[in-house]
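Engineer: Next input, structure requested:
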Amino acid sequence: MSDQMHHITLASRPNGAPTAANFNHLSAPIPEPKPGEVLVHVHYMSLDPYMRGRMDDAKSYAAPVPIGGTMEGGGVGEVIASKTDGIAPGDMVFGMFGWATHATADAKTVRKLDANQAPLTAALGVLGMPGFTGWFGLTEYGKPKPGETLVVAAATGPVGSMVGQIAKSMGLRTVGIAGGTDKCALATDKFGFDTCIDHRAHADAPSLRMALAKAAPDGIDIYFENVGGKVLEAVIPLMNPHGRIPVCGMISWYNAGGLGAGAEATLHAPALWRTILVKYLSVHGFIISNHWDQFPKFLSDVAPKVQSGDIAMIEDVAQGLENAPAAFIGLLKGQNTGKQLVKLI
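Structural biologist: Next up, the predicted model:
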């Protein structure tokens, strides 16, 4: 085995959408674990929209990646050295290893994986942070009830597809929004949505709103927010009284920089606030890292459904660390289908 590791660092902060120039692909000696740590050879790493926020030097719930720092991200891999009890070489684990082929980590921050429970890559998607985000946000803040109508965009992504499948299993009408006819077909055929709207077929929010009104003739009770933009503008006037909006993300605005601070939107605050007031809407922002105490409950509920096939998943796998920046740039443009991973070995 080579004594060198490879990692992707942040070369510069993007101005708008990230480009290849914002990343550096570097090599360094494989680190040695300290007492209480493990050394992991990463097999797969995750790419997620939140990483775009880490590239900006903006105040948020987590510190930005420093210039020259390794890009942040979760991964799964094999322990190749351990200086702690309870984790041995050969164990497969999940941890926040970054965009890197090898990493050391405090043993308390990694989670051993059971390959008999589900494919190891599931720990990065359907049984990892994205799936947990969808499950928790819907059940805790969406408060779904049979017969209600739910709308979620990015319906074939790992968060949206979890939201749709859990809602459908609870007796809701599920309306997905996705980019392109192929993704809409996946939403209905693979993930069981009642219907799906191609947002790319609608040039503006009023057009999309008309399509949503037909797909949700009884109005919208739950809007699981993870995109912002014209979808939010289309949905808000269709919300039913006492509707719920779990706010998970706003990917359509991330490339505006500053976590969307520079984004332009036609949905002005007075119209938005008035709708929240007169329709008694509950809008609840959440960051899933604040709720890890609920992760065991999520696994006990969802893992058997994944194993039985009742919860479906799709993975989009890029090959090689060197292709991570291009895959990430594509992710922010909606070019992936399903959970975006990078295979490192």
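Engineer: Could you find the closest non-adjacent residue to the spatially most central residue of the chain?
Structural biologist: In the chain, the C-alpha nearest the mean C-alpha coordinate belongs to residue 130, at 4.4 Å (C-alpha atoms, centre = their mean). Among residues not flanking residue 130 along the chain, residue 158 sits closest, at 3.5 Å (C-beta to C-beta, 6 or more residues apart in numbering). Heads up, the C-betas are built off the backbone N, CA and C, glycines and all.
Engineer: Could you double-check that the one you found sits in contact with residue 135?
Structural biologist: No: the pair residue 158 / residue 135 is not scored as a contact, 11.0 Å apart, by C-beta atoms under 8 Å.
Engineer: residues contacting residue 55?
Structural biologist: 10, 13-14, 18, 22, 64-65 (C-beta atoms under 8 Å, 6 or more residues apart in numbering).
Engineer: and the residue nearest to residue 130, how many residues sit next to it?
Structural biologist: Residues contacting residue 158 under the criterion other C-beta atoms under 10 Å number 29.
Engineer: Got phi/psi on it?
Structural biologist: phi -70, psi -30 (degrees, to the nearest 10).
Engineer: measure it to residue 89 for me?
Structural biologist: 30 Å (C-beta to C-beta, to the nearest Å).
Engineer: for this protein, what spans make up the helices?
Structural biologist: Under the criterion DSSP state H, helices of the chain are mapped to 50-54, 129-136, 158-169, 181-189, 205-215, 229-235, 251-254, 269-278, 295-308, 324-332.
Engineer: in terms of contact, does residue 54 touch residue 69 like I think?
Structural biologist: No: applying C-beta under 8 Å as the test, residue 54 and residue 69 come out as separate, 9.3 Å apart.
Engineer: Between these two, tell me which one has more neighbours.
Structural biologist: With neighbours defined as other C-beta under 10 Å, residue 54 and residue 69 compare such that residue 54 has more, 20 against 14.
Engineer: Quickly note the distance from that one to residue 99.
Structural biologist: 11 Å.
Engineer: go on, residue 113?
Structural biologist: Residue 113 is 20 Å from residue 99, by C-beta to C-beta.
Engineer: out of those two, which sits in the busier spot?
Structural biologist: residue 99 (29 against 20).
Engineer: residues contacting that one?
Structural biologist: 7-8, 45, 70-73, 321, 324, 342.
Engineer: now do 7 Å
Structural biologist: 7-8, 45, 70-71, 73, 321, 324 (C-beta atoms under 7 Å, 6 or more residues apart in numbering).
Engineer: Next: residue 74.
Structural biologist: Counting by C-beta under 7 Å, 6+ apart, the residues that residue 74 touches are 46, 94, 96, 124, 128-129.
Engineer: Now with 6 Å, please.
Structural biologist: 46, 96, 124 (C-beta atoms under 6 Å, 6 or more residues apart in numbering).
Engineer: ok, now how distant is the second one from residue 344?
Structural biologist: So that's residue 96. Following C-beta to C-beta, the distance that separates residue 96 from residue 344 is 15 Å.
Engineer: quick one: the nearest residue to residue 86 once chain neighbours are set aside from residue 85, how far?
Structural biologist: Closest residue to residue 86 apart from its sequence neighbours, by C-beta to C-beta, 6+ apart: residue 107 at 7.2 Å. For residue 107, the distance to residue 85 equals 8 Å [C-beta to C-beta].
Engineer: Of these two, which one has the most company?
Structural biologist: residue 107 (21 against 8).
Engineer: That one contacts residue 38, doesn't it?
Structural biologist: Yes: at 5.4 Å, residue 107 counts as touching residue 38 under the criterion of C-beta atoms under 6 Å.
Engineer: Give me the pLDDT value at residue 57.
Structural biologist: You'll see residue 57 listed with a pLDDT of 89.
Engineer: The closest residue to it other than its chain neighbours - how many residues pack around it?
Structural biologist: Among residues not flanking residue 57 along the chain, residue 64 sits closest, at 5.1 Å (C-beta to C-beta, 6+ apart). Look at residue 64: counted by other C-beta under 10 Å, it has 17 neighbours.
Engineer: what does the model give residue 64 for pLDDT?
Structural biologist: Value for residue 64, per-residue pLDDT: 93.
Engineer: Please tell me how far residue 283 sits from residue 314.
Structural biologist: As it turns out, when the distance is counted by C-beta to C-beta, residue 283 lies 30 Å from residue 314.
Engineer: Look at those two and report which has more neighbours.
Structural biologist: A count of neighbours by other C-beta under 10 Å puts residue 314 above the other of residue 283 and residue 314, at 18 against 15.
Engineer: That one contacts residue 338, correct?
Structural biologist: Yes: counting by C-beta under 6 Å, residue 314 does reach residue 338; the two are 3.0 Å apart.
Engineer: could you point out where the stretch 201-345 of the chain is predicted with low confidence?
Structural biologist: 253-267 (pLDDT under 70).
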